[in-house]
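Trainee: after the sequence you'll find the predicted model.
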Amino acid sequence: MAEIVLPKLEVTAQTPLAAGAGPPLIEISNLSLSYGKARALKEISLNIRERIVTAFIGPSGCGKSTLLRCLNRMNDLIDGVRIEGTTKIGGHDIYAPDVDVIELRKRVGMVFQKSNPFPKSIYDNVAYGLKLQGVKSKSELDAAVEQSLNGAALWDEVKDRLHSSALGLSGGQQQRLCIARAIAVKPEIILMDEPASALDPIATSRVEDLILELRKDFTIVIVTHNMQQATRISDETAFFYMGELIESGPTQKIFTMPKQKRTEDYVTGRFG
Amino acid sequence: MIATDLESKAHSQHFRTRKIDFGSFFLSGLTGLATLLILAILAVILGNIIINGWPNLTWHFVSTIPKKDFFDPDTTGVLPMIIGTTIRVFVMTIFVLPIGVITAIYLTEYAPSGSWLTRIIRAAVNNLAGVPSIVFGLFGLGFFINFIGRNMDQLMQNPGPVWGQPAVLWASLTLAVMTMPVVIVATEESLKAIPMGLREASLALGATKLETIIRIVLPQALPGIMTGGILAVSRAAGEVAPILFTGVAYYMASLPGKLSDQFMDLSYHVFVLSTQSPDIEKTRPILYATVLVLLLLTFALNFVAVLIRARVRKKLRALG
């Protein structure tokens, strides 16, 4: 059960938000993934910088969600997956044999496409990760729950019913609860797999505001189908097509003057 | 042009005149009759038992330990049989639930799907469900009593057979083996019904697979698991064949006190009363009463389990 040691992140007053600043936190090189004989990802190399929002875009089945799931090793759960190449987080190969996957997943949180709160109370949902880590003190849990719900912009809406079921919340609230649950364990990276695709426009914009807020403290990688969303919230964008990384760079550049024809066709809506 | 065409069409065409659909009429009549037939059969069986059994169902009858001649309607009772059946069902439940649930967890959560080992286990479970119950009885005699029981006696250096003879424990274990498939299948179905998203959410928060199963999956699956338990209890309560060689006694003067004791049993007692009586006419009233007690006990055991399940469901719903 060796721990992967991630570098301590210094929180400075002025966190660089502009793309291109800061060292890469995630380094993916020559990553290929196949399910049985089908190759879902082909030799992908990509660096993701810390404390910015990186968007993965591309048509359905292009491999963007699969790549996202490589970063917290959720693909390990699927039978018959083969992964080649290296993925480093903070300079450490997360697929090295001595890496404790549990520890990795504590550091790399995830928010899913379909909001999936546990059928427990709101409080227990947020406290779940901390209880797993053995936190028992009630005051500590109370403080963490309040802080996380505040961080997910949900506290004011639920503070009077913390102990009622999470399933009674609206779709947008459930998704923000899932974000609160993810940030409660204080990860360094948050992976988001189309977090707003099932939400109405108002709930979507609240989640987007939240992502922009979270960028100050977390490195965020988000998969999205929504091009406008990518331009609104991401600093860098990577475009995938048929399991290949076609182009990556600052979001503005990808959307206004892409180098590749295929990227241009996709972002202007000519195919996809 | 087109508009006027459509208009004229609408005016000229009428809906077809309604005809009686004899096919549907016949089929709905047939299905209705089939349902009525089943209700009628149930009513006749239950009605017959209740009408003939109820007058003989006295407090004395259910609270008396019978003397040697339990064919005498005036002095006999069924207390030891009620206790024996209840004990064997409870002991069976204690064994079958954990083993069945753990097997189901292995099959759904751990076993690589589609591997030959998993397929063999599944096939074995399904075949186990199709084995006649008398075969389980013989298996219990051969495996539990003659093999395990005798070896236990040897190891403990008992002077005579203590475990190497029919006993409550062996009868209960035999029933547990028999009802295992019911519990496994019910548990598997309820585990499969839990969304993958919940498991993923838990794992993504740094839970191990075991923590995910214990904290998220099992609580959700509990009502389904209990349904399996209820089905197992219903099946086991009325079975005679599996306990015939493994623990039931024709007559015992005292109640069973240890797991190595034999016991008297309601279902078996029904068989004894209806086949061994010296005067069948004289015994008939207590035979009816015994059958009624057996039915009531089975309902009661089920009712308790259903009540517990309802409470669990309510608790889950309050949370979820």
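Mentor: Now that the structure is in, tell me what you want to look at.
Trainee: can you show me the helices along the chain?
Mentor: I went with chain A, as the question did not name one. Counting by DSSP state H, residue ranges of the helices within chain A are A:64-70, A:101-107, A:122-132, A:138-151, A:155-158, A:171-184, A:201-214, A:227-233, A:251-256, A:261-267.
Trainee: not quite, go with chain B.
Mentor: Under DSSP H, chain B gives helices at B:2-12, B:22-53, B:59-63, B:79-105, B:116-129, B:133-139, B:150-156, B:168-192, B:196-204, B:209-212, B:218-237, B:241-244, B:266-276, B:280-319.
Trainee: columns mean pLDDT, mean neighbour count and distance to residue B:69 on top of these, output as a markdown table?
Mentor: C-beta: built from backbone N, CA, C; applies to glycine. Supplementary listing: those in a markdown table, determined by pLDDT from 0 to 100; neighbours: other C-beta atoms under 10 Å in any protein chain shown; distance: least, C-beta to C-beta, whole Å:
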| stretch | mean pLDDT | mean neighbour count | distance to residue B:69 |
| --- | --- | --- | --- |
| helix B:2-12 | 56 | 8 | 90 |
| helix B:22-53 | 94 | 11 | 21 |
| helix B:59-63 | 92 | 13 | 15 |
| helix B:79-105 | 95 | 21 | 15 |
| helix B:116-129 | 91 | 13 | 41 |
| helix B:133-139 | 96 | 17 | 28 |
| helix B:150-156 | 94 | 13 | 34 |
| helix B:168-192 | 96 | 24 | 25 |
| helix B:196-204 | 94 | 20 | 61 |
| helix B:209-212 | 94 | 16 | 58 |
| helix B:218-237 | 91 | 21 | 27 |
| helix B:241-244 | 95 | 25 | 23 |
| helix B:266-276 | 93 | 19 | 12 |
| helix B:280-319 | 88 | 16 | 11 |
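Trainee: any chance of those in CSV, plus distance to residue B:251?
Mentor: CSV is the format used below for the helices of chain B (distance: least, C-beta to C-beta, whole Å):
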stretch, distance to residue B:251
helix B:2-12, 87
helix B:22-53, 22
helix B:59-63, 17
helix B:79-105, 9
helix B:116-129, 33
helix B:133-139, 20
helix B:150-156, 24
helix B:168-192, 16
helix B:196-204, 54
helix B:209-212, 50
helix B:218-237, 21
helix B:241-244, 15
helix B:266-276, 9
helix B:280-319, 14
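Trainee: and of the ones you listed, who's closest to chain A?
Mentor: Closest of the helices of chain B to chain A is helix B:196-204, at 3.8 Å (criterion: C-beta to the nearest C-beta).
Trainee: can I get the closest one as CSV, trimmed to CA atoms?
Mentor: Extracted in CSV, the C-alpha atoms of helix B:196-204 (Å, rounded to 0.1, in the frame of the first residue of the first chain):
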residue,chain,number,x,y,z
MET,B,196,-23.7,0.9,-11.2
GLY,B,197,-23.5,4.7,-10.6
LEU,B,198,-23.8,4.3,-6.9
ARG,B,199,-20.9,1.8,-6.7
GLU,B,200,-18.8,4.1,-8.9
ALA,B,201,-19.6,7.1,-6.8
SER,B,202,-18.4,5.3,-3.7
LEU,B,203,-15.3,3.9,-5.3
ALA,B,204,-14.4,7.4,-6.7
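Trainee: nearest to residue A:147, out of the helices of chain B?
Mentor: helix B:196-204 (19.9 Å; C-beta to C-beta).
Trainee: name the residues that touch the closest one?
Mentor: The contact list for helix B:196-204, computed with C-beta atoms under 8 Å, 6 or more residues apart in numbering or on different chains, reads A:72, A:74, A:77, A:105, A:109-110, A:112, A:114, A:116-119, A:128, A:178, A:181-182, B:209, B:211-212, B:215-217, B:220.
Trainee: contact residues of the stretch 151-300 of chain B facing chain A?
Mentor: Proximity of the stretch 151-300 of chain B to chain A, by C-beta under 8 Å from any C-beta of the partner chain, involves residues B:195, B:197-198, B:200-208, B:211, B:215-216, B:220.
Trainee: 10 Å - rerun?
Mentor: Within the stretch 151-300 of chain B, the positions near chain A by C-beta under 10 Å from any C-beta of the partner chain are B:194-209, B:211-212, B:215-216, B:219-220.
Trainee: stretch A:101-111 and chain B in contact?
Mentor: Yes - using C-beta under 10 Å from any C-beta, stretch A:101-111 comes into contact with chain B via A:101, A:102, A:103, A:104, A:105, A:106, A:107, A:108, A:109, A:110, A:111.
Trainee: which pair of those residues spans the longest distance?
Mentor: Spatially, the most separated pair among the residues of stretch A:101-111 next to chain B is A:103 and A:111, at 19.5 Å (C-beta to C-beta).
Trainee: the more surrounded of the two?
Mentor: Neighbours per residue (other C-beta atoms under 10 Å in any protein chain shown) separate residue A:103 from residue A:111, with residue A:111 holding more: 28 against 16.
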